[in-house]
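> show me how the following folds:
(one chain, ligands or ions: 1)
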Amino acid sequence: MFEIKNLTAGYSNESSAIHNINISIPKNEICSIVGSNGAGKTTLLKSIMGLMPSKSGEIIFDGQDISKLDSEAISQLGVAYVPQGRMIFPYLSVEENLLLGCEVRKMNLKKALEIGYDYFPDLKEIRKRKGGMLSGGQQQQLAIARMLVIDPKMILLDEPAEGIQPNVVQEIGRILQKIALDLNVTVLLVEQFVSFAINLSQSYYFLQGGEITKESRVTKDNVHSIVKSIKL
Ligand SMILES: Nc1ncnc2c1ncn2[C@@H]1O[C@H](COP(=O)(O)OP(=O)(O)OP(=O)(O)O)[C@@H](O)[C@H]1O
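Below is the predicted model of the structure:
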């Protein structure tokens with residue numbers, strides 16, 4: 001179980017971008033945080049990842065409070081983060097981008113590439129292409145594959161559907177479900193593309209003005225009513 005308890009964080013002493021956030025995600029499930037521009041989605045992910053200090057609260061990963069750890073220590077524990085914009089290195093090839101992650105974790109390079117290409121076979125076809133020449137969908141696939149090769153326990157994704165064609169988005173969603181199931185990875189994604197995110201997830205939270213205003217498990221029976229009820 002991944003848990004956030006009463007988390008408050010912000011960019012100045014006077015105000016907070018996220019207030020009193022409580023979230024729990026069972027192991028190997030996919031959870032979405034949906035919210036409009038400025039709701040606090042990126043702030044939440046950065047707080048989890050140790051990229052901005054929290055003011056109060058706890059973040060429990062694998063039974064340990066990680067809220068005071070730095071980002072290096074958090075990634076060593078197995079939490080991987082794909083930021084908005086994906087951070088693909090434009091002058092490196094697809095394969096070089098993939099191998100960069102391995103350097104950090106001292107992985108077996110051949111095995112790491114096999115895992116990446118296994119889940120994203122299209123990337124193998126274009127492995128010599130420079131990162132800057134890829135489409136948005138290919139970049140997102142590469143960013144997720146780069147996380148996979150370092151054998152994460154949890155993946156945080158900031159708006160993975162942004163700027164990507166609907167059919168490619170659906171394909172990425174399908175692969176994320178497979179990754180969570182096959183590799184025992186917990187996935188937390190933040191999104192504005194509500195139907196994509198909710199359909200992919202076992203639970204969701206609605207973030208408005210830095211606070212959670214709605215939350216629920218997602219089932220086959222309630223998925224459509226949840227999607228209809230959220231207006232960004
Ligand atoms: N570096 C910063 N300094 C000061 N305030 C910031 C900073 N980054 C974000 N904010 C503010 O914090 C609040 C939450 O922003 P955040 O980027 O977390 O929202 P978001 O939901 O990710 O939005 P978007 O979908 O546009 O990326 C907003 O009011 C924003 O203006």
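> low-confidence stretches in the chain?
Applying pLDDT under 70 to the chain flags the ranges 103-106.
> kindly report the residues of it close to the ligand.
Neighbours of the ligand within the chain, by CB under 6 Å from any ligand atom: 11, 17, 35, 37, 38, 39, 40, 41, 42, 43, 84, 192. (C-beta placed from N, C-alpha, C; glycine too.)
> just the residues you listed now: which is nearest residue 180?
Among the residues of the chain next to the ligand, residue 41 lies closest to residue 180 (CB to CB), at 19.8 Å.
> where does the spatially closest residue to that closest one that is not a sequence neighbour fall, phi/psi-wise?
Using CB to CB, 6 or more residues apart in numbering and skipping the chain neighbours, the partner closest in space to residue 41 is residue 190 (3.6 Å). Main-chain dihedrals, residue 190, degrees, to the nearest 10: phi -110, psi 140.
> returning to what we had before: for the buried ones among the residues of the chain next to the ligand, write the corresponding PyMOL selection.
Here is the PyMOL command that selects only those of the residues of the chain next to the ligand that count as buried (16 or more other CB atoms under 10 Å):
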select buried, resi 17+35+39+40+41+42+43+192
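> picking up where we left off before, is it true that the residue nearest to residue 41 touches residue 37?
No. Judged on CB atoms under 8 Å, residue 190 makes no contact with residue 37 at a distance of 11.7 Å.
> now, which of the residues of the chain next to the ligand sits nearest residue 25?
Distance to residue 25 across the residues of the chain next to the ligand (CB to CB) is lowest for residue 41, with 15.3 Å.
> quick one, what contacts that closest one?
The contact partners of residue 41, by CB atoms under 8 Å, 6 or more residues apart in numbering, come to 33, 35, 158, 159, 190, 191, 207.
> show me the contacts for the last one.
Read that as residue 207. Each residue near residue 207 by CB under 8 Å, 6+ apart is listed here: 18, 21, 33, 34, 35, 39, 40, 41, 44, 190, 213.
> equivalent analysis for the first one, please.
Contacts for residue 33 were tallied using CB under 8 Å, 6+ apart; they are 23, 41, 44, 188, 189, 190, 191, 204, 205, 206, 207.
> ok, what's across the strand from the closest residue in space to it that isn't next to it in sequence?
Nearest residue to residue 33 in three dimensions, chain neighbours excluded: residue 190, at 4.5 Å (CB to CB, 6+ apart). Beta bridges link residue 190 to residue 33, residue 158, judged by DSSP bridges.
> residues near residue 190, how many?
25 (other CB atoms under 10 Å).
> before we move on, the earlier item: just the closest of the contacts of residue 33 to residue 224, please.
residue 204 (13.2 Å).
> report whether the closest one is found in a strand, as I expect.
Yes. According to DSSP: H, G, I helix; E, B strand; the rest coil, residue 204 belongs to a strand.
> ok, now which ones touch the residue nearest to it when sequence neighbours are not counted?
Leaving out its chain neighbours, the residue that sits closest to residue 204 by CB to CB, 6+ apart is residue 32, at 4.6 Å. Shown in contact with residue 32 (CB under 8 Å, 6+ apart): 188, 189, 190, 191, 197, 198, 200, 201, 203, 204, 205.
> check residue 176 too.
Under the criterion of CB under 8 Å, 6+ apart, the neighbours of residue 176 are 30, 144, 157, 160, 187, 189, 200.
> for residue 114, same thing?
Shown in contact with residue 114 (CB under 8 Å, 6+ apart): no residues.
> how far out from the middle of the chain is the helix or strand harbouring it?
With elements taken from DSSP states H and E, the one containing residue 114 is helix 109-119. Taking the mean of its C-alpha atoms, helix 109-119 sits 20 Å from the chain's own mean (CA atoms, centre = their mean, to the nearest Å).
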